[in-house]
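Trainee: Based on what follows, work out the 3D shape:
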Amino acid sequence: GQRMKIKLQSVLRLLVIAALLMLPISLLGCESKNTYIASGRVVYEGNGQGFPSAVLSFGPFGIAITDLQGNWVKSGLQGTITITPAGGGWIFTPANVAISKATDGILIKAKLHEPTSLPTKVGAGRDYSVARKDNGTVWTWGENGYGKLGDGSTANRTTPVQVSGLEGVKAIAAGHYHTVALKDNTTVWAWGHNVIGQLGDGTKTDRTTPVQVSGLSDVTAIAAGFRYSVILKDEGSVWAWGLNMNGQLGDGTNVDRTTPVIVSGLDNVLAIATGTEHTVVLKTDGTVWAWGGNGSGRLGDGTTYSRNTPVQVNGLGNVAAIAAGYTHTIALKTDGTVWAWGDNYFGQLGDGTKTTCYTPVQVKGLSDVAAITAGCFYTVALKTDGTVWAWGVNTFGQLGDGTTTTRIEPSKISSLNNVSAIAAGNNHVVALKADGTVWAWGHNAAGQLGDGTTNNRSTPVQVVGL
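Mentor: Here you go, the predicted structure:
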C-alpha cells in the first residue's frame, strides 16, 4: 500500500511538471506580452518616391508618421490590427491593411483626389483663418490688417474670400499679420505685413496679394510666426527669414533677414513649427530641437536662455508631431500620448497644474491622439476617433466646451465629431471635418469664425460659403 502511494505521488509530480512545461512562457514570468513590429513605406503612385509625413493609425496602439523617404516603423503591436493611412486630398491604396504578426515591407501608394471645391487644409493666425481647397485655391476670412487675407484689400471679412491670383497650392501657414503658401511646384509665396522682411521678397513693403519668396525651391513644409517665416526643404534643411531679435531664425545671429537664411547645424528634419518668437523642429530620429525666445522654458532645454542656434529638448524621443503656442510647446509621441513644456499660467500644459515646466511633462488623461495644435495660452488635440479635446485659457470660448471656464486638463468638445484636421489661432480654433465642412469657435471680433457675424462662440459653428 505504501509503495502504491509513493508511485501515485511520483506520477502526480510528473503530470504537474509536464503541465508546467506546456504552459505559455508568459505565465512563467519570462515574458509579459507577445508583441511584434511592423514596417513599410508610403510612396507617390506616379513616381514611386517616398511620401513624407503621412499619418498611419494603428487603432489602440497609436500612430506612426512617415519620414522624408516615406518609411515607417511601429513596435509594440499585439493581436490583429488594422493600419489606416490618412492625409487630406489623397487617396491611399490599399485604404487599410490588416496584420496579426510581424510584417515588413508593407507598401501603400498615394494619389491625389480629383480636384474638387472642398477644403482639405485649414490654418489659423492672429484673428483670421485660412483654408486650402482641393482644387489648389486658398480662401481667407477675419481680420485683414496689412492685407494678410490676400484679396487685394485691407477690409475685414466675416465670410471667406479667395486669395487673389493664387492657384496650385498644397500647404498654408497663418502668422500674426502675414500668410505663407506652398505651391505644388515647391515654390513659396507670401502676403501681408512686411515691416521686418517676413515675406522674404527682399523688401520691407507690405503686400495685399501674394509675392514669391526669393530663391526658394524644393520646399516641403512651411510655418509662420510673429514677423518671421520658416520652411523645410526636401533634403531636410531648414531656412528662415524676418524678425530675429530672439534668435528665432536660428542662423547664429540676431540680425533680421529679408530673404531666407539656413538654420545652423541642422539636418534630417521631418517637421517644423513656429510660436510667437520660438521655432521647433522634429528630426527623423524622433528627437525635438528648438531655438529663439525661451521665456518660461518654452525651448525645453531646462533653462530660460534664448538661443540663436538649435538646442535639443531634454528627455524627449519617439515624437511624431510638434506644435508651438505663444509661450509653450507641445509634442505628440508615436504611442499617441501628448507632452508639453513652457508657460503654464492658464493650465495650457494640461498636466493638472499651473506650474511652469522647463522640460516636457505628460498631458493628463489623453491617449490615441492623431494631431495637435497650440494657440495663445491654450492647446487642442485631435484623437484618432475624430473627437477634439482642449485645455488652457477659455476667455473667448476657445476650448469649445460651451463655457468660458479655464481648464488645466483636457476637456472634450462634445458637439464635434468626425474631425480630420485642426488649427489654433491666437484665441480661436478652426476644424475640418471628414465631409469637407469647416467649423470654428472662440474669439470672433473680426469675423475670424467665418459665420457671417462678429459674435464670440463657445461651441463650434460652421464656416459659411466654403
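Trainee: those helices in the protein, which residues are they?
Mentor: 2-22 (DSSP state H).
Trainee: Just give the closest residue to residue 91, not the sequence neighbours.
Mentor: The shortest distance from residue 91 to any non-neighbouring residue, by Cβ to Cβ, 6 or more residues apart in numbering, is to residue 111 (5.4 Å). C-betas here are computed from N, CA, C, even on glycine.
Trainee: How about residue 367?
Mentor: Nearest one to residue 367, counting by Cβ to Cβ, 6+ apart, is residue 336 at 5.2 Å.
Trainee: give the contact list for that neighbour.
Mentor: Contact analysis of residue 336 by Cβ atoms under 8 Å, 6 or more residues apart in numbering lists 61-63, 367-370, 384.
Trainee: Using JSON lines, please lay out the residues you listed together with pLDDT and neighbour count.
Mentor: Putting those into JSON lines (pLDDT from 0 to 100; neighbours: other Cβ atoms under 10 Å) gives the following:
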{"residue": "61", "pLDDT": "88", "neighbour count": "21"}
{"residue": "62", "pLDDT": "85", "neighbour count": "24"}
{"residue": "63", "pLDDT": "86", "neighbour count": "25"}
{"residue": "367", "pLDDT": "93", "neighbour count": "13"}
{"residue": "368", "pLDDT": "92", "neighbour count": "19"}
{"residue": "369", "pLDDT": "94", "neighbour count": "23"}
{"residue": "370", "pLDDT": "93", "neighbour count": "24"}
{"residue": "384", "pLDDT": "89", "neighbour count": "20"}
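Trainee: Looking at these, spot the one nearest residue 92.
Mentor: residue 63 (14.4 Å; Cβ to Cβ).
Trainee: is that closest one in a bridge, and if so with what?
Mentor: Per DSSP bridges, the residues bridged to residue 63 are residue 57.
Trainee: wait, isn't it in contact with residue 334?
Mentor: Yes - counting by Cβ atoms under 8 Å, residue 63 does reach residue 334; the two are 6.7 Å apart.
Trainee: Mind listing the shared neighbours of the two?
Mentor: Common neighbours of residue 63 and residue 334 (Cβ under 8 Å, 6+ apart) are residue 320.
Trainee: Grab the nearest non-local neighbour of residue 327.
Mentor: Nearest one to residue 327, counting by Cβ to Cβ, 6+ apart, is residue 343 at 3.7 Å.
Trainee: Count residues in the vicinity of the one you found, would you?
Mentor: 22 (other Cβ atoms under 10 Å).
Trainee: cool, the one 10 residues further on as well?
Mentor: Each residue near residue 353 was counted by other Cβ under 10 Å, and the total is 14.
Trainee: so who does it touch?
Mentor: 344, 347, 408.
Trainee: Against residue 369, how distant is residue 362?
Mentor: Computed as Cβ to Cβ, to the nearest Å, the residue 362 to residue 369 distance reads 12 Å.
Trainee: joint contacts of these two?
Mentor: 337-338.
Trainee: can you pull the contacts of residue 254?
Mentor: Residue 254 neighbours (Cβ under 8 Å, 6+ apart): 244-247, 308.
Trainee: ok, 6 Å please
Mentor: 244, 247, 308 (Cβ atoms under 6 Å, 6 or more residues apart in numbering).
Trainee: One more: residue 158?
Mentor: Contacts of residue 158 (Cβ under 6 Å, 6+ apart): 447, 452.
Trainee: Least confident secondary structure element in the protein?
Mentor: helix 2-22 (a mean of 44; mean pLDDT, DSSP states H and E).
Trainee: Got the domain ranges for the protein?
Mentor: Here the domain parsing of the chain from automatic domain parsing is 36-112, 119-462.
Trainee: deepest of those, which one?
Mentor: domain 119-462 (a mean of 21; mean count of other Cβ atoms under 10 Å).
Trainee: For that domain, measure first residue to last.
Mentor: For domain 119-462, the first-to-last residue distance is 13 Å (Cα to Cα, to the nearest Å).
Trainee: ditto for stretch 233-244
Mentor: Stretch 233-244 end-to-end distance (Cα to Cα) = 20 Å.
Trainee: Dump the contacts of residue 336 to TSV, plus distance to residue 226.
Mentor: Below are the contacts of residue 336 laid out as TSV (distance: Cβ to Cβ, whole Å):
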residue	distance to residue 226
61	38
62	33
63	30
367	32
368	32
369	27
370	27
384	32
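Trainee: Looking at the residues you listed, which one is closest to residue 115?
Mentor: residue 370 (25.3 Å).
Trainee: Would you agree that closest one is in contact with residue 382?
Mentor: Yes - here residue 370 reaches residue 382: they are 5.3 Å apart, a contact under Cβ atoms under 6 Å.
Trainee: Distance of residue 447 relative to residue 124?
Mentor: Residue 447 is 13 Å from residue 124, by Cβ to Cβ.
Trainee: now do the same end-to-end measure for stretch 343-363.
Mentor: First-to-last residue span, stretch 343-363, Cα to Cα: 14 Å.
Trainee: Quick check: beta-bridge partners of residue 441?
Mentor: residue 429.
Trainee: quick one: it and residue 402 touch, right?
Mentor: No - contact between residue 441 and residue 402 fails when scored by Cβ under 6 Å: they sit 9.6 Å apart.
Trainee: who's in contact with the closest residue to residue 239 other than its chain neighbours?
Mentor: Using Cβ to Cβ, 6+ apart and skipping residues adjacent in sequence, the residue nearest residue 239 is residue 260, 4.2 Å away. Each residue near residue 260 by Cβ under 6 Å, 6+ apart is listed here: 200, 216, 239, 241.
Trainee: do the same with residue 194
Mentor: 204-206.
Trainee: could you measure the nearest residue to it once chain neighbours are set aside against residue 344, distance?
Mentor: Nearest residue to residue 194, sequence neighbours excluded (Cβ to Cβ, 6+ apart): residue 206, at 5.0 Å. In this structure, residue 206 and residue 344 are 36 Å apart, going by Cβ to Cβ.
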